[in-house]
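> After the sequence you'll find the predicted model.
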Amino acid sequence: MSQEIMNINERIKAELENVKNSTPTPSTNAISTKGKMFTFPDGQAHPGPLNAVILDWRNFNRYYTKAYDPQNPTPPDCFAIAKDLGEMAPHEDASDPQSEKCQGCPMNEFGSAATGRGKACRNTVRLAVVPPDADDSFEPWLLNVAPTSLKSWTSYVNQLQAVGKLPIQSVAEIAFKSDAAFPQLVFTVRDALDEDRVMQLWNLREKAQVQLDAPPAVD
């Protein structure tokens, strides 16, 4: 076993110890899920399922003081981006922070939404994904996991964690729930990746992390 593989295995082991703290975007390189279709940055679209490797992810909260206007989209007034849920706090670029931390913020409590029993703050997860055969030159895609899809996402991560793996070590099948009225993602574990392939994909992780940590654009 090479020293590089050993080093990556140690880093995977370290992340697995904290993965429970990180499981419950707008971008030119994002995959849209509108209309229950996966629409890629180059304009191609298909209904899925989508097979991909999830390089990494960030919890992403966003709050708007005004109702969303599709004719005049604006960035969120308050937003937070972090891997660890316990570290979620308004980003330094947020124009109108609602609290010092997301935990305990009135806008992040159930029942705070203008209508219904949901939260005024939208809790999502931002994924960086690549095709299973992506090479080092590939620009990772971003895929947003909406609140209605978080249960499946968390189950997916927990299933891998139970066998000592991170999402980067497996191919995920990402599909739309057939009986859902709105786009709702379902995650299923597919093929395991060998250590050499994980090492290759790990090189894309730094590129992906820059995208994951970027403030939201207007969407």
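Now that the structure is in, tell me what you want to look at.
> Residue ranges in this structure under the pLDDT threshold?
For the chain, the stretches flagged by pLDDT under 70 are 1, 20-21, 23-28, 68-70, 217-219.
> Longest strand of it, counting residues only.
Once the chain is assigned using DSSP state E, the strand that runs over the most residues is strand 50-63.
> tell me the angle the helix or strand just after that strand makes with strand 50-63.
Using DSSP states H and E, the helix or strand that follows strand 50-63 in sequence is strand 78-82. Here strand 78-82 points in a direction 140 degrees away from that of strand 50-63 (axes from the mean of the first three to the mean of the last three CA atoms, to 10 degrees).
> contacts for strand 78-82?
Strand 78-82 has contacts (CB atoms under 8 Å, 6 or more residues apart in numbering) with 58-63, 88-91, 94-98, 102, 107, 121, 126, 212-213, 215-216. The C-beta positions use only the backbone N, C-alpha and C, and glycine is treated the same way.
> again, 7 Å this time
58-63, 88-91, 94, 96-98, 102, 213, 216 (CB atoms under 7 Å, 6 or more residues apart in numbering).
> Stretch 106-119 too?
61, 63, 98, 102, 120, 121.
> Restrict the longest strand of the chain to CA atoms and write it as CSV.
C-alpha atoms of strand 50-63 as CSV (Å, rounded to 0.1, in the frame of the first residue of the first chain):
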residue,chain,number,x,y,z
LEU,A,50,-28.1,10.3,-11.9
ASN,A,51,-25.0,8.2,-11.0
ALA,A,52,-22.4,10.4,-9.4
VAL,A,53,-19.7,10.5,-6.7
ILE,A,54,-20.3,13.0,-3.9
LEU,A,55,-16.9,14.6,-3.2
ASP,A,56,-18.0,16.7,-0.2
TRP,A,57,-20.9,18.8,1.1
ARG,A,58,-21.9,21.8,3.1
ASN,A,59,-24.9,22.6,5.1
PHE,A,60,-26.4,25.8,3.7
ASN,A,61,-29.0,27.9,5.4
ARG,A,62,-30.6,31.0,3.7
TYR,A,63,-33.2,33.5,4.9
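> Report all helices and strands that it contacts.
The contact analysis (3 or more CB pairs under 7 Å, 6 or more residues apart in numbering; DSSP states H and E) places strand 50-63 against strand 78-82, strand 122-130, strand 170-176, helix 195-212.
> JSON lines for the ones you listed, including distance to residue 188 and mean neighbour count?
Output for the helices and strands packed on strand 50-63, formatted as JSON lines (distance: least, CB to CB, whole Å; neighbours: other CB atoms under 10 Å):
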{"stretch": "strand 78-82", "distance to residue 188": "26", "mean neighbour count": "22"}
{"stretch": "strand 122-130", "distance to residue 188": "14", "mean neighbour count": "22"}
{"stretch": "strand 170-176", "distance to residue 188": "4", "mean neighbour count": "20"}
{"stretch": "helix 195-212", "distance to residue 188": "19", "mean neighbour count": "17"}
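> need the contact list for the closest residue in space to residue 176 that isn't next to it in sequence.
Using CB to CB, 6 or more residues apart in numbering and skipping the chain neighbours, the partner closest in space to residue 176 is residue 36 (4.6 Å). Applying CB under 7 Å, 6+ apart to residue 36 gives the contacts 47, 176, 183.
> re the thing from before, buried among the contacts of stretch 106-119? Make that a ChimeraX selection.
In ChimeraX syntax, the buried subset of the contacts of stretch 106-119 is picked out as below (16 or more other CB atoms under 10 Å):
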select :61,63,98,102,120,121
